[in-house]
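Q: 3D model of this:
(one chain, ligands or ions: 1)
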Amino acid sequence: MLMSANKPLVALENAAEFHARHIGPDAADEAGMLSVIGAASRRALIDAVVPANIKRSNAMNLPAVASEAQALAELKAMAAQNKVLKSYIGQGYYDTLTPGVILRNILENPAWYTAYTPYQAEISQGRMEALVNFQTMVTDLTGMAIANGSMLDEATAAAEAMTLALRVGKSKSQVFFVADDVLPQTLEVVQTRAKPLGLTVQVGPAADAGKSECFAALLQYPGVQGDVRSLQAAADAVHGQGALLIAAADLLALTLIKAPAELGADIAVGNTQRFGMPMGNGGPHAAYMACKDEYKRSLPGRLVGVSIDAHGAPAYRLALQTREQHIRREKATSNICTAQVLPAVVASMYAVYHGPVGLKRIAQRVASFTAVLAQSLQGLGWTLANTSAFDTLTVNTGGKTDGILAAAVAAGMNLRRSAIDTVSISLDETTTRADLQALLAVFSAGKAVADFSAFEKGVASLIPAELQRTSAYLTHPVFNRYHSETEMLRYLRGLSDKDLALDRSMIPLGSCTMKLNATSEMIPITWPEFANIHPFAPHDQLKGYALLNEQLTAWLCQATGYAGISLQPNAGSQGEYAGLLAIKAFHEARQEGHRKICLIPESAHGTNPASAQMVGMTVVVTKCDKEGNIDLVDLKAKCEQHSANLAAIMITYPSTYGVFDTHVKEICALVKSHGGRVYVDGANMNALVGVAAPGEFGGDVSHLNLHKTFCIPHGGGGPGVGPVCVVADLVPYLPTHRSGGYASETAIGAVSAAPLGNAAVLPISWMYCRMMGADGLQAATEVAILSANYVAARLADAFDIHFSSNVTSLKGGGVAHECILDIRPLKDATGVGAEDVAKRLIDYGFHAPTLSFPVAGTLMVEPTESESKFELDRFCDAMLAIRAEITKVADGTWSREDNPLVNAPHTAEALLKAEWSHGYSREEAAYPVATLRRQKYWVPVGRVDNVWGDRNLSCSCPPMSDYEA
Ligand SMILES: *Cc1c(COP(=O)(O)O)cnc(C)c1O
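A: Here you go, the predicted model:
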């Protein structure tokens, strides 16, 4: 026998479970952190800060954990249940060729996908340049004056255009006209949105637009059946009534056909999916909205503009933020917060890479193949319902629709059933001659298919001569320079190098949960079985997605304690909207439609009041006490005052102040006793998963932010997924989707263009849950709370922790998963404010915490469970060093006007100027801590002047001359 006395060499368990990779601190770190806080154990800490009466009754019931490899294999098997057929369905979604350089260096690159929304302008110049390219691409192609930095999808963009037109138009009409060849999913979402606002949606032939009174008309350009018709007559007719024309326009078509603005449209909306973003079963894709200059202050969504920095150099920053929900609340132009930045970056780079000539060539090829197909079909004896076309033909089937669709599926193709006796075929940039042959075979019923090589060169365009585009577009150098892959690669790398994302350092953003977006979670999203699926493909081809939906929904029900969930909303704001609509529908079903008051504490996120306004509720603001809790006296008074009309309360739990309000059960019961329903904003679920469930402690509805708690990366400001979760009696009111073939009598309708919203990113959250398991998810929550308390404890002597649970045994007082540092006392004493601290952190290589939300003059830090103790210490050390710098201002070592805080951030250019006249050294500016000498993030611009940019608004690519010093 050989060495029988030895111990076995190999352990039988995996080297490390995924949760040990996801969670930063290990056991030794945890012990060290607990001792700084003054807690005996993690359990003791959780017991001290989480109120006992809200704790979960049972552990979550989730499958036993899978390793990274196992989970990927399991998901791959699920994906294989989707059937990828060649799609000719069109209807707003087309197959596209994502250039490899964009696929790998943007869509699959953490430098882009882990970035946060560009609130901190100085460290977001790269992604904002990409968004300005997007805005320029849209304004050039549509001919409009201004475009925003993405909408959630074409359908919601059209609905937002409707309310924009209502705000800015002169008509007093409450009728919105929608042409009958608008994308059906767009009509459906517009109907959902119009109803609570009391607007009438009138559907009719495009030629009838403006024939009767309306405040705006929506036309599809080209129409869903393929027709390319002028918008001009409709524009003239609606303008005659003081109404507006909205065109839903296809950007690829616009490279060949007249721009909507040239034909009198006032607003243009559409999808940019076919510019390089896979169909992904409906999302995520960036939609766009563009309009006349005079409407810019009413435009919804994020807008990137050009401003100048402290040295007068051009710099980008978010423009006209005063329109947005976080400032204007229920008076905001919309509730949009998270948008679709990553897909917008992809689309913009598709335009940069192909340039105007390349895009036109792609479009011409599509248009030519469409003309070839038309002629060939007619040669086979078929008639077409459209006489003009860009990429879509509608074939009269003479009652043979079912047979044709079935034959197509048998041959591996999906066509669109556009009416009982028509099918539509939409071509795209992937279409080849062989594809045309295969298509024609479906329509030839055994007859020989004509050889179109004989006539394809001379085939006449189906675009009417008077609609052919003559105006130029994409003339800016950025669209004409990066056409070799080497140039493109370096351009993308250069942009991402300007930015701070999670791939470089911690992003301690309160309320945003910037946690690990694990590679294994990201890998599946570009698998063809998930990526190349049309959202309106027959259901039997979507079985993998159906299973994904079913499992993820069940797991999220476990996490939240709710009975039903819809994954359709494609951002938290859309989940709020859907949830409030469900509450409204519930009241209406009980003949209590008069219940329209929505109570919202003053601490609430801006999307809450903005969403309440959109469903036609009236917002009544309730007070918070000085501990940050909801003021019970005020709440009782308001409940009594509005008892007969109370619809709901919207609370965030733990609150946006970062505390577990101990009265939450009481608050829920109180509102319910007055007939109201309780909406618990779930953006802070990272403090609850596995520990407490809103569906158990009193919530009726919540939304989750899968792009916060469940690991979908922020993408620089989207995509997101905002599932709406409800208790049993509200399940009948969850969103459905008629156009997608999911009907229900009671449902509130569709809230997104696609039935499963941003379906293609759902595998990320599935992988996260599958690899963490119930214990891992609970541990993540507990370590998130531990980490926040550790930061609070380490900073408590230097900064005022604004709200806490006042647990005297804990250093820092006990906070939830985030803590607010109050900079106002320091500002009063030294002039150095929260913004200066935020900008100075850039010199230390950090992204700032959330600035001035939810309390002006404060910083809100949320470290998450994913940051190691090493990184938490590096951040705390930076904050303490900054605090010491503030002391130097206080004691007069540095003046109030000239110190490294108020001058932050420091660019290399500013530091290398021959003349250095500051009262502190270059070294003190650049290397305040020694480790920065080895690794340093060099900020590309100095502090950005927000006011200058809003006064001199410019939201498209600046002329190159701006960069000449
Ligand atoms: C992020 C957030 C929202 C909005 O979510 P989006 O996905 O950005 O629309 C709502 N409420 C709170 C508290 C949030 O932090």
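
Q: Shouldn't Ile565 be within a helix?
A: No. Judged by DSSP: H, G, I helix; E, B strand; the rest coil, Ile565 forms no part of a helix; its state is strand.

Q: So what pairs up with it in the strands?
A: Cys725 (DSSP bridges).

Q: show me what contacts it?
A: 553, 556-557, 723-726, 734 (Cβ atoms under 8 Å, 6 or more residues apart in numbering). Placement of C-beta: from N, CA and C, glycine included.

Q: The residue in the stretch 401-550 of the chain that the ligand sits nearest to: neighbouring residues, count only.
A: Residue nearest to the ligand within the stretch 401-550 of the chain: Ser511 (3.6 Å; Cβ to the nearest ligand atom). The number of residues packed near Ser511 is 21, by other Cβ atoms under 10 Å.

Q: thinking it is in contact with Asn684, fair?
A: Yes. Between Ser511 and Asn684 there is a contact at 6.8 Å, judged by Cβ atoms under 8 Å.

Q: where do the contact lists of those two overlap?
A: Between them, Ser511 and Asn684 share the contacting residues 656, 818, judged by Cβ under 8 Å, 6+ apart.

Q: re the thing from before, can you tell me which of the contacts of Ile565 lies closest to the ligand?
A: Nearest to the ligand among these is Pro723, at 10.8 Å by Cβ to the nearest ligand atom.

Q: so who does the closest one touch?
A: Contacts of Pro723 by Cβ under 8 Å, 6+ apart are 553, 556, 565-567, 569, 575, 703-704, 706.

Q: mind redoing it with 7 Å?
A: Pro723 is in contact with 556, 565-567, 569, 575, 703-704, 706, counting by Cβ atoms under 7 Å, 6 or more residues apart in numbering.

Q: mind checking how far the residue of the stretch 401-550 of the chain closest to the ligand is from Pro51?
A: Look at Ser511 and Pro51: by Cβ to Cβ, to the nearest Å, they are 20 Å apart.

Q: what do you get for Leu502?
A: 32 Å.

Q: any idea of the mean pLDDT in stretch 217-232?
A: When pLDDT is averaged along stretch 217-232, the result is 98.

Q: ends of it, how far apart?
A: Start-to-end span of stretch 217-232 (Cα to Cα, to the nearest Å) is 12 Å.

Q: from the protein, which residue is nearest to the ligand?
A: For the chain, Cβ to the nearest ligand atom, closest residue to the ligand: Gly572, 2.3 Å.

Q: That residue: neighbouring residues, count only.
A: Gly572 has 28 nearby residues by other Cβ under 10 Å.

Q: for Gly38, same thing?
A: 17.

Q: what's near enough to touch it?
A: Contacts of Gly38 (Cβ under 7 Å, 6+ apart): 809-811.

Q: what number of residues lie near the nearest residue to Ala792 once chain neighbours are set aside?
A: Leaving aside its chain neighbours, Ala792 sits nearest to Gly812 (3.1 Å; criterion: Cβ to Cβ, 6 or more residues apart in numbering). Number of residues near Gly812 (other Cβ under 10 Å) recorded here: 23.

Q: so Gly812 touches Ser804, yeah?
A: Yes. With contacts counted by Cβ atoms under 7 Å, Gly812 reaches Ser804, the gap being 6.4 Å.

Q: list the residues that contact both of the two?
A: With Cβ under 7 Å, 6+ apart as the test, Gly812 and Ser804 reach no residue in common.

Q: who are the neighbours in contact with Gln437?
A: Counting by Cβ under 7 Å, 6+ apart, Gln437 has contacts Val449.

Q: how about low-confidence regions in the stretch 801-950 of the chain?
A: Nowhere does the stretch 801-950 of the chain drop to pLDDT under 70.

Q: Would you map the helices across it?
A: 824-830, 834-843, 869-890, 908-911, 922-926, 946-951 (DSSP state H, counting those that start in this stretch).

Q: Comparing the ones you listed, which comes out most buried?
A: Mean neighbour count (mean count of other Cβ atoms under 10 Å) peaks for helix 834-843 among the helices of the stretch 801-950 of the chain, with a mean of 25.

Q: What is it packed up against?
A: Helix 834-843 sits against strand 850-851, strand 858-861, helix 869-890, with contacts defined as 3 or more Cβ pairs under 7 Å, 6 or more residues apart in numbering; DSSP states H and E.

Q: which of the residues in the longest helix seen in the chain are buried?
A: The residue-count maximum for a helix in the chain (DSSP state H) belongs to helix 341-379. Judged by neighbour count (16 or more other Cβ atoms under 10 Å), helix 341-379 contains these buried residues: 341-356, 358-360, 362-363, 366-377.

Q: what does the least confident helix or strand in the chain by mean pLDDT rub up against?
A: Ranked by mean pLDDT, DSSP states H and E, the weakest helix or strand in the chain is helix 325-328, scoring a mean of 87. Contacts with helix 325-328, where a contact means Cβ under 7 Å, 6+ apart, come from 321-322, 332, 335, 337, 606-607, 610, 853.

Q: Which one (most neighbours) among those?
A: Neighbour counts for these (other Cβ under 10 Å) peak at Thr607, which has 31 neighbours.

Q: can you give me the end-to-end distance of stretch 86-97?
A: Stretch 86-97: ends 13 Å apart by Cα to Cα.

Q: Could you list the buried residues of it?
A: So stretch 86-97, judged by 16+ other Cβ under 10 Å, has buried residues 86-96.

Q: For this protein, give me the ranges with low pLDDT.
A: Scanning the chain for pLDDT under 70 picks out the ranges 1-15, 964-965.

Q: rewinding a little: which secondary structure elements does the longest helix of the chain contact?
A: On the basis of 3+ Cβ pairs under 7 Å, 6+ apart, helix 341-379 makes packing contacts with helix 100-102, helix 110-113, helix 125-142, helix 251-254, strand 383-384, strand 392-396, helix 433-444, helix 478-481.
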